[in-house]
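Asker: Below: sequence and its predicted model.
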Amino acid sequence: MWLLNGNGFVEWVAGVFVFIGVVFSFLSAAGLIRFPDVYTRAHAVSKSANLGVLCILLGTFLYFLLKDGYFSIRLLLGIFFVFLTSPVVAHLLNRAAYRSGVVLAKESVRDDLKEYLEVDGR
């Protein structure tokens, strides 16, 4: 079978991961443009861009590992740190925006932090 011969299979697998990453990155850009307020935009960007970058890095890692036999600790560390820092940064940005008084979109259903921050006095 032409798909499973040696190096062609590795290139296809890596290419599929990179393509999936590109699709998620595109969806992230579309969410950044489409959503109404900073909170939903940050959510869309942090989730889908994180997954997009992880898929691209994983495809690159698999390509070099399976094609050349090169184990890249830098790519693994990149995957780890993107996976670790992206959600934390999105949370902190949303928190800073909320505490700065950025209003939610009209379509927002509820605001769970409003009661807590009024009672706590922050």
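Answerer: Sure thing, it's come through.

Asker: can we go C-alpha only for contacts and neighbour counts from here?
Answerer: Noted.

Asker: what residue is smack in the middle of the chain?
Answerer: The residue lying closest to the centre of the chain (CA atoms, centre = their mean) is Asn50, at 1.4 Å.

Asker: Tell me how far the helix or strand harbouring that residue lies from the chain's centre.
Answerer: Take DSSP states H and E as the rule and Asn50 turns out to sit in helix 50-63. Counting by CA atoms, centre = their mean, to the nearest Å, helix 50-63 is centred 11 Å from the centre of its parent chain.

Asker: Also stretch 27-37?
Answerer: Distance of stretch 27-37 from the chain centroid (CA atoms, centre = their mean) equals 13 Å.

Asker: Next, the angle helix 50-63 makes with the host helix or strand of Val82.
Answerer: Secondary structure from DSSP H and E places Val82 in helix 73-99. With axes from the mean of the first three to the mean of the last three CA atoms, to 10 degrees defining the directions, helix 73-99 sits at 180 degrees from helix 50-63.

Asker: From the contact counts, what lies against helix 73-99?
Answerer: Here helix 73-99 touches helix 38-44, helix 50-63, going by 3 or more CA pairs under 8 Å, 6 or more residues apart in numbering; DSSP states H and E.

Asker: Check the model's average confidence along the last one for me.
Answerer: Average pLDDT, helix 50-63: 94.

Asker: change the start of the numbering to 49 and stick with it
Answerer: Yes, from this point I'll number from 49; that puts the last item at helix 98-111.

Asker: What helices and strands are in contact with that helix?
Answerer: Counting by 3+ CA pairs under 8 Å, 6+ apart, the packing neighbours recorded for helix 98-111 are helix 55-82, helix 121-147.
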